[in-house]
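> Output the structure for:
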Amino acid sequence: MLLALSLLSAAIFPKFPHAGVLGKIRFAIFMISYVGGMLGLYWARGERAFLNKPDPPEPRQLWKFRE
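Reported below is the predicted structural model:
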């Protein structure tokens, strides 16, 4: 969602140029949403890699009578 917001704002902002404080605020909103979106993507990629990792093999049993 944040990444889509940043891409949408990157497409819209050049059509309505502002100088000064308003332009800096718009650029800050763009950068915050872009960085937040990228962090969300990296988080999801890491979570998927962790959840899709195969289970480790069972350790060898020291005692034969245990199940």
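> Next, count neighbours for residue 5.
The local packing count at residue 5 equals 16, with neighbours defined by other C-beta atoms under 10 Å. All C-beta atoms are positioned from the backbone trio N, CA, C, and that covers glycine.
> so who does it touch?
Neighbouring residues of residue 5 by C-beta atoms under 8 Å, 6 or more residues apart in numbering: 33, 37.
> how near is it to residue 57?
44 Å (C-beta to C-beta, to the nearest Å).
> again, but for residue 33
With distances defined as C-beta to C-beta, the gap from residue 33 to residue 57 amounts to 43 Å.
> what about the two, which has more around it?
A direct count of neighbours by other C-beta under 10 Å for residue 33 and residue 57 places residue 33 higher, at 20 against 6.
> any idea whether that one is helix, strand or coil?
Recorded secondary structure, residue 33: helix (DSSP: H, G, I helix; E, B strand; the rest coil).
> which SSE is the residue nearest to it when sequence neighbours are not counted in?
Setting aside the residues directly before and after it, residue 33 is nearest to residue 6 in space (C-beta to C-beta, 6 or more residues apart in numbering), at 4.0 Å. Assigning secondary structure by DSSP states H and E places residue 6 in helix 2-12.
> Which residue is the nearest non-sequential neighbour of the most centrally placed residue in the chain?
By C-alpha atoms, centre = their mean, the chain has its centre lying nearest to residue 40, at 1.6 Å. When the adjacent residues along the chain are set aside, residue 40 lies closest to residue 2, with 6.3 Å between them (C-beta to C-beta, 6+ apart).
> Tally up the residues packed near that neighbour, please.
Around residue 2 there are 16 residues (other C-beta under 10 Å).
> okay but it is in contact with residue 31, surely?
No. Counting by C-beta atoms under 8 Å, residue 2 does not reach residue 31; the two are 11.1 Å apart.
> And what about residue 18, helix, strand or coil?
coil.
> Same question for residue 25.
Using three-state DSSP, the three-state assignment for residue 25 comes out as helix.
> Report pLDDT for it.
The predicted structure scores residue 25 at 87 on the pLDDT scale.
> neighbours of residue 18, just the number please.
Taking other C-beta under 10 Å as the criterion, the count of residues near residue 18 is 12.
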